[in-house]
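>>> got a sequence here, can you model it:
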Amino acid sequence: MISTSAPDLNELAGLRSLAERSHAVITRHQDPGGAYPAAPTFSAYRGYAWLRDGSFTAEGISRYGDVVSAGRFHDWVHGALCRRRAQVDALRASDAPSNEAMLPTRFTFDGSDGSDPWWDFQTDGYGLWLWSVVAHADRHGLSLDRWQAGIDVAVDYLVAFWDRPCYDWWEEHVEHRHVSTLGAIYGGLVAIAPYTSVPVLEVAERIRSLVDAEGTHDGHLTKWLGSSAVDGSLPSCIVPFRLVAPGSSVAGTTLAAVVRDLDVDGGVHRFTADVFYGGGQWILLSALLGWNLAAAGDTVGAWRHLRWIADQVNDDGDLPEQVDHHLLHPDSRSEWIARWGSVASPLLWSHGMYLILADELGITAKDV
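Now for the predicted structure:
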């Protein structure tokens, strides 16, 4: 059983050691050009960087106090987006651009498209990056001028295509409009509003109204508009994106629904129908839920998730993408191992989210 009390000095030292290890894993694998690889040794992720993974990872690194590493990531995104200026302008001028013509969700380390097929049309990463770069700049007293041209590309892209169905965080269901995707876009547009002349708050209010009307069921947020299911990514709509006000009835009911349907002993599943590697528990989602609990004042719950994460460190000292202690669909695990090999480890996003939760609980070093 995971302890619910505050850590003693020996346990605290171990938790801080994992924060140091997480920072080291992330920065050791950061590409010289600034990209954070999703998972440096995993067959399907190797050689690619996602805006979603990287933006959360950069937030963890920024909170840890490493201004240089996080800044290099934002420089990389800025450069990749600046090279997409003409593409975004052409998309905005087109009557009905195809999904294949849209900006990608993942980039090679030089900012190019990948050469192999992927479920690429996902808009959440662009909102996530806006939120992440503003949070980093605000935290460390930096000017956004350094990244303004890339910011302008992301803003124009999101304002034009925020309401278009696309793949979700898990690269599934391109036919739906996903609440977590809308939350990330909302959070990014609200964060960047003071730094752009584009009327992004008008779009943000349309997102909020749409989710209020079609993205709730029985008082909680749903996986996509018109659904009744929950998803492990939904707490992000509360903290950090604030599509739903922390402390509100919808926030409380959403967190309770995620705990009820997806949380087992501190580890959080993506969704109940998840068959990817058998549907295990994801480190990053445990950290996301813990982050929300900490922000809501539930430090007992937050410590529970931090301890669960620390218990998942493998023999190499790394945090994987997911663990298989409580598989939802165990019969499907072998097909993914045959297809892609063992579960991704280390996953930099897992390490980045651990840094965020550790910082929320006040146990990370601030000087790097």
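
>>> only C-alpha atoms for contact and neighbour calcs from this point on.
OK.

>>> tell me the contacts of D31?
With contacts defined as C-alpha atoms under 8 Å, 6 or more residues apart in numbering, D31 is in contact with P37, F109.

>>> below-threshold pLDDT in the chain: ranges please.
Within the chain, the set of residues satisfying pLDDT under 70 comprises 1-5, 365-368.

>>> which residues in it form helices?
In the chain, the segments counted as helices under DSSP state H are 9-29, 51-64, 67-82, 85-93, 124-140, 148-161, 179-192, 200-214, 249-262, 283-295, 299-310, 333-340, 348-360.

>>> so what does the longest one touch, helix or strand wise?
Spelled out, that is helix 9-29. Applying 3 or more C-alpha pairs under 8 Å, 6 or more residues apart in numbering; DSSP states H and E, one finds that helix 9-29 makes contact with helix 51-64, helix 299-310, helix 348-360.

>>> buried set for that helix?
Of the residues in helix 9-29, L15, R16, L18, A19, E20, R21, S22, H23, V25, I26, T27, H29 count as buried by neighbour count, 16 or more other C-alpha atoms under 10 Å.

>>> mind putting the residues you listed into a markdown table with distance to S332?
Formatted as a markdown table, the buried residues of helix 9-29 follow (distance: C-alpha to C-alpha, whole Å):
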| residue | distance to S332 |
| --- | --- |
| L15 | 33 |
| R16 | 36 |
| L18 | 31 |
| A19 | 33 |
| E20 | 35 |
| R21 | 32 |
| S22 | 30 |
| H23 | 33 |
| V25 | 30 |
| I26 | 30 |
| T27 | 34 |
| H29 | 31 |
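
>>> quick one: contacts for W340?
Contacts of W340 were listed using C-alpha under 8 Å, 6+ apart, and they are F42, S43, A44.

>>> selecting buried members of those residues in PyMOL, what would you type?
In PyMOL, a selection of the buried entries from the contacts of W340 looks like this (16+ other C-alpha under 10 Å):
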select buried, resi 42+44
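
>>> nearest to A338 among the contacts of W340?
Proximity of the contacts of W340 to A338 was ranked by C-alpha to C-alpha; the top entry is S43 with 11.5 Å.

>>> how about the closest one, nearest residue that isn't a chain neighbour?
For S43, ignoring the flanking residues on the chain, the nearest one in space by C-alpha to C-alpha, 6 or more residues apart in numbering is W340 at 6.0 Å.

>>> that neighbour and Q312, how far apart?
W340 sits at a distance of 21 Å from Q312 (criterion: C-alpha to C-alpha, to the nearest Å).

>>> Y277: what's it in contact with?
P330, S332, R333, S334, E335, W336, I337, V343.

>>> quick check, nearest of those to G183?
When those are compared for distance to G183 (C-alpha to C-alpha), V343 wins out at 27.8 Å.

>>> do I have it right that that closest one meets E335?
No. V343 sits out of contact with E335 when judged by C-alpha atoms under 8 Å, with a separation of 12.0 Å.

>>> who's more crowded, these two?
Set V343 next to E335 and count neighbours by other C-alpha atoms under 10 Å: V343 wins out with 20 against 14.

>>> contact partners for the more buried one?
The neighbourhood of V343, defined by C-alpha under 8 Å, 6+ apart, consists of F42, Y277, P320, E321, Q322, I337.

>>> how about the helices and strands packed on helix 9-29 in a markdown table, adding mean neighbour count and distance to L201?
Rendered in a markdown table, the data for the helices and strands packed on helix 9-29 read as follows (neighbours: other C-alpha atoms under 10 Å; distance: least, C-alpha to C-alpha, whole Å):
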| stretch | mean neighbour count | distance to L201 |
| --- | --- | --- |
| helix 51-64 | 27 | 22 |
| helix 299-310 | 22 | 32 |
| helix 348-360 | 28 | 27 |
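
>>> can you list those in CSV and add distance to T253?
As requested, the helices and strands packed on helix 9-29 are arranged in CSV below (distance: least, C-alpha to C-alpha, whole Å):
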stretch, distance to T253
helix 51-64, 24
helix 299-310, 16
helix 348-360, 21
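
>>> and for G290, nearest residue in space, chain neighbours not counted?
Closest residue to G290 in three dimensions, ignoring its sequence neighbours and counting by C-alpha to C-alpha, 6+ apart: A302, at 4.3 Å.

>>> I misspoke; the intended subject was G219.
With C-alpha to C-alpha, 6+ apart as the criterion, G219 has its nearest non-adjacent residue at 5.6 Å, and that residue is V250.

>>> was I right about the one you found contacting H220?
Yes. Using C-alpha under 8 Å as the test, V250 is close enough to H220 to be in contact (5.3 Å).

>>> who touches both of those two?
Residues within reach of V250 and of H220 at once, by C-alpha under 8 Å, 6+ apart: there are none.

>>> how many residues are close by the closest residue to D331 other than its chain neighbours?
The shortest distance from D331 to any residue other than its chain neighbours is 6.6 Å, reached at G278 (C-alpha to C-alpha, 6+ apart). For G278, the tally of surrounding residues (other C-alpha under 10 Å) stands at 22.

>>> follow-up on the earlier one: with respect to D156, which of the contacts of V343 is nearest?
Sorting the contacts of V343 by distance to D156 puts E321 at the head of the list, at 32.2 Å, by C-alpha to C-alpha.

>>> now for that closest one: which residues touch it?
W282, I283, L284, V343, A344, S345, P346, L347, S350.

>>> okay, those residues in JSON lines with distance to A70 next?
JSON lines is the format used below for the contacts of E321 (distance: C-alpha to C-alpha, whole Å):
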{"residue": "W282", "distance to A70": "24"}
{"residue": "I283", "distance to A70": "21"}
{"residue": "L284", "distance to A70": "19"}
{"residue": "V343", "distance to A70": "26"}
{"residue": "A344", "distance to A70": "23"}
{"residue": "S345", "distance to A70": "21"}
{"residue": "P346", "distance to A70": "19"}
{"residue": "L347", "distance to A70": "17"}
{"residue": "S350", "distance to A70": "16"}
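
>>> good, we can wrap up now.
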